[in-house]
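# need a 3D model of the following:
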Amino acid sequence: MSAGDLGIQMINVFKKLLLIMLAGILVAVALYSLQWRVLHDSPIMLYIGMLIDRYGFVPYRDFFDMNMAGTDFAYAMIGRLSGYTDFGTRVIDLLWLSAIMAFAFLRSRKFGWEVAAAGALLFGLLYLKSGPYNSLQREYLLILPIVVGLWVSSLARFHWPVKNVLVGLCFGVAATMKPHAAIGLPIVLIFLCSEITAVGHSRWRSLLFGTLAAILGFSLPILAMIGYLALNGALFSFLDVAKNYWPLYSGLTGTHQPMEGITRFQWLFEQYRQLGGSQLWLAPGLMGSYVALFRSSLPPAQRRQIIMLVGLTICYSIYPALAGKFWYYHWLPYIFFILQLSALCLVDQSRITQRFARTFPLAIFTLAILLNDVAPGEFYDQVQGRNLAPPKDGRVDAIAHFLRENLEPDDTVQPLDWTGGAVHAMLIARAKLATPFVYDFHFYHHISNGYIQNLRSRFVRTLMVAQPRYIIQIQSDDKPWVSGPDTTREFPELQSMMERDYAPAFRGNGYTIHERRAQGR
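The predicted model follows:
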């Protein structure tokens, strides 16, 4: 055996050992994660799903929501399958992750099984590293239809009109959760049209009919959502929210502050260049792209797929800026794609004779893994035998216990909260919502705007009519409060009504449960 062959064999052994190590860590973290509780946004979205699933609520018609209906339906499905329990939700989360990883592997296996396995394993690890706080976020859910669409785009078995329709359909499903999730569709469409022209079809005819086929597929889930809303009398309410509230919410930063003009542009640029804390993956991402395009023996069709991946990585790096919040989970689609490029550091370079050229990409890839520490803090706590803190330091369980002990079958509850724990407690207690407002965040920003003023008036009116048994008011600082110009923490009309019709029934750490006075019931 020559020295070159021995070097290649050693590199291949190292790749296998590295992948075995990543797989072992992933399995361990996944098993430990079964003990996690749902946190932050997930309980709210599961509660909305429960309203749809168990109480027959229709989005926008029966409750105010700034999310797309596709998100609500996804969480209703997750809730029904999981029984709205922590353990059941964790199982669904891991099954969803397994599906993402499986389709990522299938899409990349033509680059080599090491590349496919590395991309899948790394995404699983970095997703779980973000912990229960970011579990089952909307950006995570929409990655699955996108990666299924990419897998379909890589298949040779489908005739191109069918392939384009299916790819468009997958991106359309993602767009029913968040409209800008479809930002990558034009990139995939260009790739699909290049595939058509590569087998001798007319370029312009391929582009025209390929685009029309993709648009047809993309439209189907959108039309299904619109049809559902129209048949249930919710379409005009949805359009009202989209026209009047979305622009206001988009004007808030990730720190819940209204920001406009050059100040907002500077803030967006500053947040964008941080890449959600994932800058270290740029080096292996660039290196993997270079190696696969210029130092490997991949055929032209697979090189075009790599160019498509580069375009998708750029697109989904822009994705968080479109919403202007830059929370970690907004970066998950970008993280998925930069990891797929990073995994290309493991692509076969057996035709390259220089030892340094073969080992340097692998070294960059390994160093990025070591510097990123792919296990979450909760995992280390559990391994060392430390109990995980209950949600909101026990506030959620205390409120839920109170509700389960005191609610009568026909009683309703109104939260004055967002992610402070009240809605989570209502989910655990299976408490029915009193008014169309699941959270109160939108009452306190852009207060000079007529639409917000109407929301405030509508809330007080519906609250007086509904007469809920309990109102749960979160006053803690860990409730996301807005700040800055045209914001407030005051709601005089609501406060006056509560002082007249309600009395404190229980006070806890950062919250008060108000009960309706007997004479008003």
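# where along the stretch 1-150 of the chain do the helices fall?
3-33, 41-55, 69-82, 86-108, 113-129, 138-153 (DSSP state H, counting those that start in this stretch).
# now the angle from the third one to helix 86-108?
Helix 69-82 runs at 120 degrees relative to helix 86-108, counting by axes from the mean of the first three to the mean of the last three C-alpha atoms, to 10 degrees.
# if we can go back for a sec, out of the helices of the stretch 1-150 of the chain, which gets nearest to residue 393?
helix 41-55 (15.2 Å; C-beta to C-beta). For every residue, glycine as well, the C-beta is placed using N, CA and C.
# which strands and helices sit next to that closest one?
The contact analysis (3 or more C-beta pairs under 8 Å, 6 or more residues apart in numbering; DSSP states H and E) places helix 41-55 against helix 69-82, helix 422-429, strand 432-433.
# picking up where we left off before, ok, of the helices of the stretch 1-150 of the chain, where does mean pLDDT dip lowest?
Ranked by mean pLDDT, these end with helix 3-33 at the bottom, a mean of 83.
# show me how far it is from its chain's centre.
29 Å (C-alpha atoms, centre = their mean, to the nearest Å).
# now stretch 74-92
Relative to the centre of its chain, stretch 74-92 is centred 16 Å away, using C-alpha atoms, centre = their mean.
# next one: stretch 172-182
Averaging C-alpha positions (C-alpha atoms, centre = their mean) puts stretch 172-182 11 Å from its chain's average.
# and it, how far apart are its ends?
Criterion C-alpha to C-alpha, to the nearest Å; first-to-last residue distance in stretch 172-182 is 7 Å.
# do stretch 395-414 as well
In stretch 395-414, first residue to last residue: 17 Å (C-alpha to C-alpha).
# could you pull out the buried residues of that stretch?
By 16 or more other C-beta atoms under 10 Å, the buried positions in stretch 395-414 come out as 395-400, 402-403, 407, 411-414.
# so how far is residue 296 from the residue lying closest to residue 173 once chain neighbours are set aside?
Using C-beta to C-beta, 6 or more residues apart in numbering and skipping residues adjacent in sequence, the residue nearest residue 173 is residue 145, 4.2 Å away. Going from residue 145 to residue 296 by C-beta to C-beta, to the nearest Å gives 30 Å.
# repeat that for residue 243.
On the measure of C-beta to C-beta, residue 243 and residue 296 end up 50 Å apart.
# also residue 313?
For residue 313 relative to residue 296 (C-beta to C-beta), the value is 18 Å.
# for residue 243 and residue 296, indicate the residue with more neighbours.
A count of neighbours by other C-beta atoms under 10 Å puts residue 296 above the other of residue 243 and residue 296, at 22 against 10.
# and for the nearest residue to that one once chain neighbours are set aside, the neighbour number?
Closest residue to residue 296 apart from its sequence neighbours, by C-beta to C-beta, 6+ apart: residue 347 at 4.9 Å. Neighbour count for residue 347, taken as other C-beta under 10 Å: 22.
# give the phi and psi angles for residue 347, as a check.
With angles defined as degrees, to the nearest 10, residue 347 sits at phi -70, psi 150.
# so what's it up against?
111-112, 115, 288, 291-292, 296, 298 (C-beta atoms under 8 Å, 6 or more residues apart in numbering).
# and the pLDDT for residue 59?
pLDDT, read off for residue 59, is 95.
# that one and residue 287, how far apart?
Counting by C-beta to C-beta, the separation of residue 59 from residue 287 is 45 Å.
# okay, those two: which has more neighbours?
Just comparing residue 59 and residue 287: by other C-beta under 10 Å the higher neighbour count belongs to residue 59, 27 against 22.
# check contacts around the more buried one.
48, 52, 65, 69, 72, 229, 234, 238.
# residue 480 belongs to a strand, doesn't it?
No: counting by DSSP: H, G, I helix; E, B strand; the rest coil, residue 480 is not found in a strand; it is coil.
# ok, now how distant is it from residue 444?
10 Å.
# which one's more surrounded, the two?
For residue 480 and residue 444, the more surrounded residue by other C-beta under 10 Å is residue 444, and the numbers stand at 20 against 13.
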